[in-house]
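# Need coordinates for the following:
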Amino acid sequence: MVKDEFTIYFATDIHGSERCFMKFLNAGKVYGVDAVILGGDVTGKALVPIVEQAGGTFKANLFGKDEFAQDAAGLEEIETRIRTLGFYPYRTTAEEYDRMVADPEYVSTVFDEVMRRATQRWVEIADARLEEAGLPCLVMPGNDDIPVVKDVLDEGRWVIQGEDHVIEFGPYQVLCLGYSTITPWDSPREITEEDMAKRLDKLVEQIEPGKPVIFNVHNPPADSGTDLAFKLSSDMKIETAGGEPLRAPVGSHAVRTAIETVQPVLALHGHIHESRAMTAIGRTKVCNPGSLYPDGTLQGVIITLARDKVKGFKFVTG
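I've put the predicted structure just below:
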C-alpha cells in the first residue's frame, strides 16, 4: 500500500567534497524528509601530496601555490581545506614524492588506494549517522567514480548501493544507473548510447508492474533542459556570445527514450553541474539539482511525492 506522501532529499555530484558530504548526511534531518538519495560522482578527482620537510614541517601545493604547515593544527587545516575542495590529502616523504613525480603508474596506484580508504570512511560515517536517524539512503557511483567505488559502497550496512538494480525504496521502486555516455573528459565509466540503451532495457525488465517508479540515472535525458552544458570549442574552451557563455544540450537519447517509454513518476539526474532545473517529459518530472561542490556548497532538491505524482518540489542550497 503506497502511503499518501513520501518526501525525498536528492543531491548529486559532490566529487569528493567532504563538506558537501557532511551536509548531505545532515540534510534529511534538517529538512524533515522520509529518505535521502545521493546520485553519482561521489569521489574526488585529484590527490594532493603533503610532503614532510626537514624539522617536521609539511608542504603542499594547491593551485600552483606552495602552502606550509608548521605544526599539527596547521597540517589539519590544510588537509581540511583539501577535502573541502573535493581532493584527497596524502602525507608523504620527500623520497616517495620523487617517486610519484617519476612514475605516473605509482601515482595512480596510490590515488586509487587513498580514494578507496576515503570512501570506506564515508560509508562508515553514513551508516552510523543515517541508521541512528532512521533515514533510508540510496547511493550509487557515477561516470567519474572508478569501479572499486561501487564495491566499497556495496559494503554499506545501512546505505544502499543502487547501481544496476531496481531498488525497493519506501513505497517506490527506484531504477539506478550511474554511467554516462561519451564525454570529452574520458572519465572512468563512459559507455556508448547503444550500451546505455541495453543497460536501461535490462533494468526496465526488472520493474514490477503496477508499482510507481523513480529513475535515478546519472546521465540526464537529451533535450530536456536538465542537460545544458557549457559549449566547448575544439581547444576545450567555453564558447561565448555577447560576453555570456553558450550552452548546448548534451544529454542521452537512450535515457530520454527510456523515460518516454516507462513514464516514471520522477527522474533524478546529475552529471551536468550547470543545468539545475525541474522539467517534464510527458507525465514524468525530470530533475537535476546541479552542483557547486568546489565551493563546499551543497545543492539539492526536496521532492514530495503523492502516490504516482510529484506533489511539490523545492531547490535548496546549503
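# rounded to a whole number, what's the mean pLDDT of stretch 248-266?
The average pLDDT for stretch 248-266 rounds to 98.
# Hmm, I typed the wrong one, I wanted stretch 105-122.
Mean per-residue pLDDT for stretch 105-122: 97.
# and if you look at stretch 277-293?
Stretch 277-293 comes out at a mean pLDDT of 98.
# buried stuff in that stretch?
277-279, 281, 284-293 (16 or more other C-beta atoms under 10 Å). The way it works is simple: take the backbone N, C-alpha and C, and place the C-beta from them, glycine included.
# got the residue ranges for the helices in the stretch 201-318 of the chain?
Listed in chain order, the helices of the stretch 201-318 of the chain (DSSP state H, counting those that start in this stretch) span residues 253-262.
# Considering the buried residues of stretch 277-293, which is situated nearest to C137?
Nearest to C137 among the buried residues of stretch 277-293, counting by C-beta to C-beta, is P289 at 16.2 Å.
# Now the closest one: closest residue in space, sequence neighbours ignored.
V301 (4.3 Å; C-beta to C-beta, 6 or more residues apart in numbering).
# if we can go back for a sec, so which of the buried residues of stretch 277-293 is the closest to V107?
Checking the buried residues of stretch 277-293 against V107 with C-beta to C-beta, the nearest one is Y293 at 22.8 Å.
# Name all residues that make contact with the nearest residue to that closest one once chain neighbours are set aside.
With sequence-adjacent residues excluded and distances taken as C-beta to C-beta, 6+ apart, Y293 is closest to S17, at 4.3 Å. Contact analysis of S17 by C-beta atoms under 8 Å, 6 or more residues apart in numbering lists 44, 83-86, 293-294, 296.
# Next: L47.
87-88, 90, 107, 110-111, 114.
# For it, which non-adjacent residue is closest in space?
Nearest one to L47, counting by C-beta to C-beta, 6+ apart, is F111 at 4.5 Å.
# Burial check on the one you found, number of neighbours?
With neighbours defined by other C-beta atoms under 10 Å, the count for F111 comes to 18.
# Would you agree it is in contact with P89?
No. F111 is not in contact with P89 according to C-beta atoms under 8 Å; the separation is 12.0 Å.
# pretty sure V250 contacts A229?
Yes. If you go by C-beta under 8 Å, V250 and A229 touch, sitting 4.6 Å apart.
# joint contacts of those two?
Both V250 and A229 are contacted by I272, under the criterion C-beta under 8 Å, 6+ apart.
# nearest to P212, of the buried residues of stretch 277-293?
Closest approach between those and P212, by C-beta to C-beta: T284, at 11.2 Å.
# beta partners of the closest one?
Legend: beta-bridge partners of T284 under DSSP bridges are I281.
# Wait, it touches T261, no?
No. Using C-beta under 8 Å, T284 is not in contact with T261, being 10.5 Å away.
# rewinding a little: which one of the buried residues of stretch 277-293 is nearest to H269?
Closest to H269, out of all of the buried residues of stretch 277-293 and judged by C-beta to C-beta, is N288, at 4.7 Å.
# which residues touch the residue lying closest to V217 once chain neighbours are set aside?
With sequence-adjacent residues excluded and distances taken as C-beta to C-beta, 6+ apart, V217 is closest to L177, at 4.9 Å. Shown in contact with L177 (C-beta under 8 Å, 6+ apart): 140, 163-164, 196, 199-200, 203, 216-219.
# and with 10 Å instead?
Shown in contact with L177 (C-beta atoms under 10 Å, 6 or more residues apart in numbering): 40, 140, 142, 162-165, 191, 196, 199-200, 202-203, 215-219, 255, 258.
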